[in-house]
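[1] here are the coordinates; sequence isn't available:
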């Protein structure tokens, strides 16, 4: 099932839904009864994005338009902000190609925002050449009534490094998906995520990593906090194919549920068809540590402040792994604002 095909053909029956195993917790077919008209071109000023001050080069993609490729030549270094903006209640698809040449470096500061009940899909293809390095930081702050899907296909390379941190506050329905073709060959991969969900917001972080060759590394850590009637979804799958010996792949997902009506669905998976590998995964879903909360209250701290501080420390482990200092500060401030409201 393809969201792109459904938008192109304006056929809701082609939307992915709960009968599709990979989409069973993010049911678009059951939610969307009729697709709205295509998004209109938008030429007015869209203001500044969260990462504008950090980037020398910018891409502003509004209602699917303006997605010029990002190409970093051999040995060059660049910081680029790619801002996906949805204006109005229409439907659209945006496509962005990113190519990083041999021994080049890119910090990709990617953000998503919407102001209405739009339906949008962003389709990214990210290609690394041998020795390339990418750090991708994604900040998704969609409208509460929006439906937003971002799907990235990453073609990794030997001796290359791809590091990613996805941070989101959710939407009516939201899916942030990353698929990585991992060649081994001492390539390194980090896939991290944070979701902070309140009210009735929904967010689905799905990753699929396929190790196809020996001597590859994957490290993954995702943490989420849900409250009110929000729903968080984590699906992480790592496949180690036959011949991908000496793969080192580790995945962890941990979530806090702060209210009785909030929900977290998690499905970490390892499929291993090779020998001599070091692979592990872990998953926990629970409440705040009552002993730590009691200790903070005993020291005179108000309960709301104590909960916020403990929650901030919980997700801080993921945010601290962001390598770009400026982006790390932006994400930390963004998260603190939502934890303390």
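    Everything's here; your move. In this text, all values refer to a predicted model and were calculated from it rather than measured experimentally.
[2] Report pLDDT for the nearest residue to residue 213 once chain neighbours are set aside.
    Excluding the flanking residues, the one nearest residue 213 by Cβ to Cβ, 6 or more residues apart in numbering is residue 184, at 3.0 Å. (Each C-beta comes from the backbone N, C-alpha and C, glycine too.) Note for residue 184: predicted pLDDT of 97.
[3] what about residue 184, how many residues close to it?
    The number of residues packed near residue 184 is 22, by other Cβ atoms under 10 Å.
[4] what's near enough to touch it?
    Contacts for residue 184 (Cβ atoms under 8 Å, 6 or more residues apart in numbering) come out as 158, 211-216, 244, 247.
[5] Please indicate which of those residues has the highest neighbour count?
    Taking other Cβ under 10 Å as the neighbour criterion, residue 211 ranks highest of those with 33 neighbours.
[6] Distance of that one relative to residue 277?
    To residue 277, residue 211 is 9 Å away according to Cβ to Cβ, to the nearest Å.
[7] got it, and residue 89?
    Taking Cβ to Cβ, one finds residue 89 at 48 Å from residue 277.
[8] before we move on, the earlier item: what sits in contact with each of residue 211 and residue 277?
    With contacts taken as Cβ under 8 Å, 6+ apart, residue 211 and residue 277 have 240, 244, 247, 249 as neighbours in common.
[9] The third one contacts residue 274, correct?
    To tie it back to what came earlier, the one meant is residue 247. Yes: counting by Cβ atoms under 8 Å, residue 247 touches residue 274, with 6.4 Å between them.
[10] quick one: low-confidence ranges for the protein?
    The chain contains residues with pLDDT under 70 at 1, 291-298, 300, 340-341.
[11] after the longest helix along it, next one along is what?
    Counting residues, the longest helix found in the chain (DSSP state H) is helix 303-319. Heading C-terminal from helix 303-319, the first helix or strand you meet, by DSSP states H and E, is helix 325-339.
[12] Give me the helices and strands touching that next one, please.
    In terms of contacts (3 or more Cβ pairs under 8 Å, 6 or more residues apart in numbering; DSSP states H and E), helix 325-339 is packed against strand 133-141, strand 161-168, strand 188-197, helix 303-319.
[13] Strands of the stretch 51-200 of the chain, residue ranges please.
    Taking DSSP state E, counting those that start in this stretch, the strands of the stretch 51-200 of the chain run over residues 57-62, 70-72, 77-86, 91-100, 105-114, 119-128, 133-141, 147-155, 161-168, 173-182, 188-197.
[14] Number of residues surrounding residue 246?
    16.
[15] picking up where we left off before, of the contacts of residue 184, which pair is most distant in space?
    Pairwise distances among those were taken by Cβ to Cβ; the largest, 13.8 Å, belongs to 158 and 247.
[16] Keep only those of the contacts of residue 184 that are in strands.
    Of those, the ones assigned to strands by DSSP state E are residue 211.
[17] so which of the contacts of residue 184 comes closest to residue 24?
    For the contacts of residue 184, the minimum distance to residue 24 (Cβ to Cβ) is 25.2 Å, reached by residue 211.
[18] thought that closest one was touching residue 244?
    Yes: the pair residue 211 and residue 244 qualifies as a contact (Cβ under 8 Å) at a distance of 4.3 Å.
[19] Okay, residue 220 and residue 25: tell me how far apart.
    For residue 220, the distance to residue 25 - Cβ to Cβ - is 19 Å.
[20] what's the neighbour count on the closest residue to residue 32 other than its chain neighbours?
    Excluding its sequence neighbours, the residue lying closest to residue 32 (Cβ to Cβ, 6+ apart) is residue 12, at 5.6 Å. Counted by other Cβ under 10 Å, the residues lying close to residue 12 total 16.
[21] okay, the angle between the helix or strand hosting residue 239 and strand 161-168?
    Assigned by DSSP H and E, residue 239 belongs to strand 231-240. Counting by axes from the mean of the first three to the mean of the last three Cα atoms, to 10 degrees, strand 231-240 lies at 160 degrees to strand 161-168.
[22] Check which helices and strands strand 231-240 sits against.
    strand 188-197, strand 202-211, strand 217-226, strand 248-257, strand 263-272, strand 278-286.
[23] Looking at these, spot the one closest to residue 46.
    Of all the helices and strands packed on strand 231-240, strand 202-211 comes closest under Cβ to Cβ, at 22.9 Å.
[24] That closest one vs strand 248-257, what angle?
    Using the same axes, to 10 degrees, strand 202-211 lies at 170 degrees relative to strand 248-257.
[25] Which secondary structure elements does strand 202-211 sit against?
    Packed next to strand 202-211, using 3+ Cβ pairs under 8 Å, 6+ apart, are strand 161-168, strand 173-182, strand 188-197, strand 217-226, strand 231-240.
[26] Could you dump the ones you listed into JSON lines with distance to residue 339 added?
    Formatted as JSON lines, the helices and strands packed on strand 202-211 follow (distance: least, Cβ to Cβ, whole Å):
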{"stretch": "strand 161-168", "distance to residue 339": "12"}
{"stretch": "strand 173-182", "distance to residue 339": "19"}
{"stretch": "strand 188-197", "distance to residue 339": "7"}
{"stretch": "strand 217-226", "distance to residue 339": "8"}
{"stretch": "strand 231-240", "distance to residue 339": "15"}
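[27] Of those, give the one that comes closest to residue 302.
    Across these, closest to residue 302 is strand 217-226 (Cβ to Cβ), at 18.8 Å.
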